[in-house]
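J.: Would you be able to build a 3D model of this:
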Amino acid sequence: MKPISEQTRHSVLSLIDAGFSSRQIASQLGICHTTVIRVRAVTRRDAQTSRGGRPAKLTATDKRRLVCMVTSGKADTAIPLTRELLNTANIDINANTVRRALKGAGLKAAPKQNKPRLLPKHIRQRLDFAERYQHWTAEDWKRVVWSDETKINRLGSDGREWVWRKPGDRLAERCIKGTITFGGGSLMMWGCMTAHGIGYVCRIDGRMDAELYTRILGDELLQSLEYYGLERGDIVSSRTTTQNTRPVQHASGSKPMKSRS
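T.: Modelled structure (predicted):
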C-alpha cells in the first residue's frame, strides 16, 4: 500500500483530535479509510472512536431537563414532555425516546397512589403538627391514647386483588374473586390503643355523632385506662395531638365488646 506523506499524516492526526471518524477523514483527504485506522492505531490509541449508528437526538442537557420537569411536577408522562421539547427546543422526537431517557436516568413508570387529597390548610396543619411535637420524647408519646373508627367488611375487602394468569384463564376459579348479593355487609367499629397494648372496642350501629362519641370516651376509653392502670390526668388523646393525621388502628383482643347506637 502506498505510504502517505508527512503532511497528510499530520492532517489525519489533526482531524482525529478534532473528533472526526475514520471514514470522514478518508473522504476529506482522499485516502483509504484503512490508512486512517492504521494511523489511529499507532499514534492515537486512546482517541475516542465513533460507535456508529444514528447520532442521539437528546443531549445530556436535554435529558437533565426532562428529569427536572418530571421531578418538579411540571409533567407526569412522556407525551407532555415530548410536546414541551417540540415547542421550546424544536426537538421532534418520539415519546418512546423520552421514556428511554427517563429510564436511563433511573426513573420508573408507576401508577399514582390513591391518597386523601391535601388542601393547603391540611398541609399547614401537618407542618404545624410536626413543629409542635418535634421535641417530644418516647416517654411523651407513651402518654398518647390512639383511637379511631373503621369499617370492617364481613366478606373480603374493598381493595383490588391481583392474580397472574394465562390467556384464556379469565374465568378459572383461581382468577375469580367471589362476591355475594349486596356485598355481605360490614361493621363499623371504634377502638383504641396505648403504648401498653390494645384497648376496648365497641360496635357502632348507625351514625357516629358527638353524643355517641362522648359516651364512648366515657365508657370504653376510661375502661381501657383502668385496665392498664393509667391516670386520666397523664393521658393525651390522639384527637388532641393530631389534625388530619390520625392513624387508623384496628383494636381487637379478649376484652368484651359492646354495641353502641
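J.: Strands of the chain, start to end?
T.: 144-153, 186-194, 197-204, 236-237, 258-260 (DSSP state E).
J.: Save these as JSON lines, and put in mean neighbour count too.
T.: C-beta: built from backbone N, CA, C; applies to glycine. Shown next, in JSON lines, are those (neighbours: other Cβ atoms under 10 Å):
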{"stretch": "strand 144-153", "mean neighbour count": "17"}
{"stretch": "strand 186-194", "mean neighbour count": "19"}
{"stretch": "strand 197-204", "mean neighbour count": "19"}
{"stretch": "strand 236-237", "mean neighbour count": "14"}
{"stretch": "strand 258-260", "mean neighbour count": "13"}
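J.: Of all those strands, which one is nearest residue 132?
T.: Closest of the strands of the chain to residue 132 is strand 236-237, at 12.1 Å (criterion: Cβ to Cβ).
J.: re earlier: okay if I get the strands of the chain as CSV plus mean pLDDT and distance to residue 105?
T.: Below are these laid out as CSV (pLDDT from 0 to 100; distance: least, Cβ to Cβ, whole Å):
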stretch, mean pLDDT, distance to residue 105
strand 144-153, 87, 40
strand 186-194, 89, 43
strand 197-204, 91, 46
strand 236-237, 74, 46
strand 258-260, 60, 54
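J.: Adding distance to residue 25, write those out as a markdown table.
T.: Formatted as a markdown table, these follow (distance: least, Cβ to Cβ, whole Å):
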| stretch | distance to residue 25 |
| --- | --- |
| strand 144-153 | 74 |
| strand 186-194 | 77 |
| strand 197-204 | 79 |
| strand 236-237 | 79 |
| strand 258-260 | 88 |
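J.: Out of these, flag the one nearest residue 22.
T.: strand 144-153 (70.7 Å).
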